[in-house]
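# give me a model of this one.
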Amino acid sequence: MKIGFLGLGNMGGPMAANLVKGGHRVVGFDPVESAQVAAGEHGVEVVDAPSAAVADVDAVITMLPNGALVLATYDEVLAAARPGTLFIDSSTIAVDDARQASARADAAGHRFLDAPVSGGVVGAEAGSLTFMVGGTEEDLEAARPVFEPMAGRIVHCGETGNGQVAKLCNNLILAISMVGVSEAAVMGERLGLSHQAFYDVISTSAGQCWALNVNCPVPGPVPTSPANRDFAPGFATALMNKDLGLAMAALESTGTDAPVGTLVADLYRAFSEGGAGGLDFSAIINRVRQEVA
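Prediction:
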C-alpha cells in the first residue's frame, strides 16, 4: 500500500520506518529537519508539505502532539486526499477531538479510525505497539495491513473515540503505577534493600506491573529502561502530563470521583512545570526523593 505519514518524530519516525520494512511505500512530512533526515534514511519519501503526503495514497496516519494540531492538519489536508482515503489518527488526544476529526473526515468523503498506541519509543522501534482502535469493523479490517508492521496487538475498542477512551484509561493506570513503584523503591533503598533485590521480588510477585518490569525507575535491573540513560525519554513527562490532563477532563465529564488519579495528575503537572518535562515520566522517582529534576 501507499501510505501518507504526518508526524515523523520520536514515535512516528520508527513507526514509518517499520511500514517501509513491511513492504509499504511511505510518503511522509514533518516540519523538523532532523526528523526529515532520519525518516529519509529509513526509506520514507519525505515531502515538503502535509498535502503532498496525502495525495494519491491508500491511507494516512497522523502522529501529532495534540488534538488542536490534528484538527488543523485535517482542515489542511482532507481536500487533497482522493475520495475514500482511510485516515488513521494515532495521536493521543481528547475523545471529543477524535470524534470531531472523524466527522470532518466523513464530511470530506473519507474514512476514519482513532488508533492511539501504547508501548512508547521502544515499542515503536520494535514494531510491538498495542493499537487501541475506535471505528467500524470494516475500516479496521481494511487497516490491518497498515497496522501489522507496527503492531504487537490490535484491539478494537468500539465506536469512534473509544480508542482514545482506552488510551486515557491505560495512561491513568500507568501514571499511578509509576508513582507507586517509585515510592516503594525509595522506601526500599532507604531501608537498605538493593535495587536488584527489590526488582527480583516485586517483578515476580503481586506488585509486578509494566512500570517496574519494563520501565523500571532505578538503574540496573532493566538495562533498557530510561533510568539507565539519565531518564532520556521513551515517554516524556510533558506528554504524560498532557495525557493526564485529558484524563482529568474525561473524569470530570463523567462525574467520576478519582482522588488517587487526581493526586498523581497534580504530581506530574508540578514535576513537568518544574523543569522535568523533557525527562522520561519514570523520573518522577526524583520527585519522591525530593531531588532537583
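# okay, CA-based contacts and neighbour counts for the rest of this
Fine.
# just checking: what are the partner strands of the strand ranked longest in the chain?
When every strand of the chain is counted residue by residue (DSSP state E), the longest turns out to be strand 151-158. Taking DSSP bridges as the criterion, strand 151-158 pairs within the sheet with strand 129-134 (parallel).
# what's the following helix or strand after the strand it pairs with?
For strand 129-134, the succeeding helix or strand toward the C-terminus, using DSSP states H and E, is helix 137-147.
# which residues touch that following helix?
For helix 137-147, contacts defined as Cα atoms under 8 Å, 6 or more residues apart in numbering pick out Met1, Leu19, Leu86, Arg111, Phe112, Leu113, Phe131, Val133, Ile154, His156.
# strands along this protein, start to end?
Counting by DSSP E, the chain has strands at residues 2-6, 25-29, 45-46, 59-62, 86-89, 111-114, 117-118, 129-134, 151-158.
# with mean pLDDT added, can I get these in a markdown table?
Rendered in a markdown table, the data for those read as follows (pLDDT from 0 to 100):
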| stretch | mean pLDDT |
| --- | --- |
| strand 2-6 | 98 |
| strand 25-29 | 98 |
| strand 45-46 | 98 |
| strand 59-62 | 98 |
| strand 86-89 | 98 |
| strand 111-114 | 98 |
| strand 117-118 | 94 |
| strand 129-134 | 98 |
| strand 151-158 | 98 |
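# and the ones you listed as TSV, adding distance to Asp280 and mean neighbour count?
Rendered in TSV, the data for the strands of the chain read as follows (distance: least, Cα to Cα, whole Å; neighbours: other Cα atoms under 10 Å):
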stretch	distance to Asp280	mean neighbour count
strand 2-6	24	26
strand 25-29	26	25
strand 45-46	28	20
strand 59-62	23	24
strand 86-89	23	26
strand 111-114	25	27
strand 117-118	15	24
strand 129-134	18	26
strand 151-158	22	17
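# among these, which is nearest Met178?
Between Met178 and the strands of the chain, the tightest spacing by Cα to Cα is seen for strand 117-118, at 15.1 Å.
# how confident is the prediction for Asn213, by pLDDT?
On pLDDT, Asn213 comes in at 96.
# look up how far His195 lies from it.
For Asn213, the distance to His195 equals 13 Å [Cα to Cα, to the nearest Å].
# just Pro14 next, same as before
Distance of Pro14 to His195, given as Cα to Cα: 31 Å.
# give me the more crowded residue out of these two.
Shown here are Pro14 and His195; by other Cα atoms under 10 Å, Pro14 has more neighbours (23 against 18).
# go ahead and confirm that one touches Gly123.
No - counting by Cα atoms under 8 Å, no contact exists between Pro14 and Gly123, whose distance comes to 9.1 Å.
# and Glu183, how far is that from Ile285?
Counting by Cα to Cα - Glu183 and Ile285 are separated by 7 Å.
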